[in-house]
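Kindly return the folded structure for what I paste below:
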Amino acid sequence: GGELYFSDVYTDTRLTQEVRSNKVLWGECIAGALHWQQLHHFAAEVGFSKPYLVTASPIEIDRADFKEILGAARFCSATYRLFKLPAGSKEYCSSKVIYKGELPGHEDLFIFDHGLMFKTDDPTCAAGDKITAIKASRFAEEFEFDPALKTSCCVSKRVEEDPFEVLERKREKGEKIA
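Numbering: from 1, shown residues only. As a prediction, this is how the structure comes out:
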């Protein structure tokens, strides 16, 4: 088992060699940006769960000379949470779980990722892949997985969550974007 937070600069475009070899853009942490889907590939390759997006913030490119080199590429700073699952872990079905509120500093609310928050003592629907990650993690004892609550709650899991789409949905809803 284990848990990893991974923060980096991501792009929505496969960057050209011209961009990757630009020393100024490299120094600005732009030329080395991963395409966001690469993290999903790398995580699977080394046996981690799918990356769960915790936070994303847009990186605006303001300089005209950078825009000329980068074209329409977009960038963001994102933090993902990944879990190392035991070999042969079975994926649980979507169901309701209860957060007990016993983690210091998280007595009222436990934030799993940008879209899933558990209020203390409030049955919350969670997708099967997230339940699998929680049950395999150091947080397992902090949740109640009561058989009486294991009715399906129709939570669909997202295979890969595009941080740029998440930012766009937040903009559309008028939510604050850090």
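
Tyr52: what's it in contact with?
Applying C-beta atoms under 8 Å, 6 or more residues apart in numbering to Tyr52 gives the contacts Tyr80, Arg81, Leu82, Phe112, Asp113, Lys130, Ala133, Glu161. Placement of C-beta: from N, CA and C, glycine included.

repeat for Ala140
Applying C-beta under 8 Å, 6+ apart, we find Ala140 in contact with Ile134.

Name the residues linked to Pro58 by a beta bridge.
Cys76 (DSSP bridges).

Look up how far Ile69 lies from it.
As judged by C-beta to C-beta, to the nearest Å, Pro58 and Ile69 stand 19 Å apart.

same deal with Cys125?
To Ile69, Cys125 is 45 Å away according to C-beta to C-beta.

now swap in Phe164 and tell me
20 Å.

Please apply the same query to Cys76.
Distance from Cys76 to Ile69, by C-beta to C-beta: 18 Å.

likewise Glu172?
From Glu172 to Ile69 the distance is 29 Å (C-beta to C-beta).

Can you give me the end-to-end span of stretch 93-102?
25 Å (C-alpha to C-alpha, to the nearest Å).

OK, contacts around Tyr92?
Tyr92 sits next to Gly128, Ile131, Thr132, Lys135 when contact means C-beta under 8 Å, 6+ apart.

Does the last one touch Glu144 like I think?
No. Counting by C-beta atoms under 8 Å, no contact exists between Lys135 and Glu144, whose distance comes to 11.7 Å.

Give the closest residue to Ile131 in space, chain neighbours not counted.
Nearest residue to Ile131, sequence neighbours excluded (C-beta to C-beta, 6 or more residues apart in numbering): Tyr92, at 4.4 Å.
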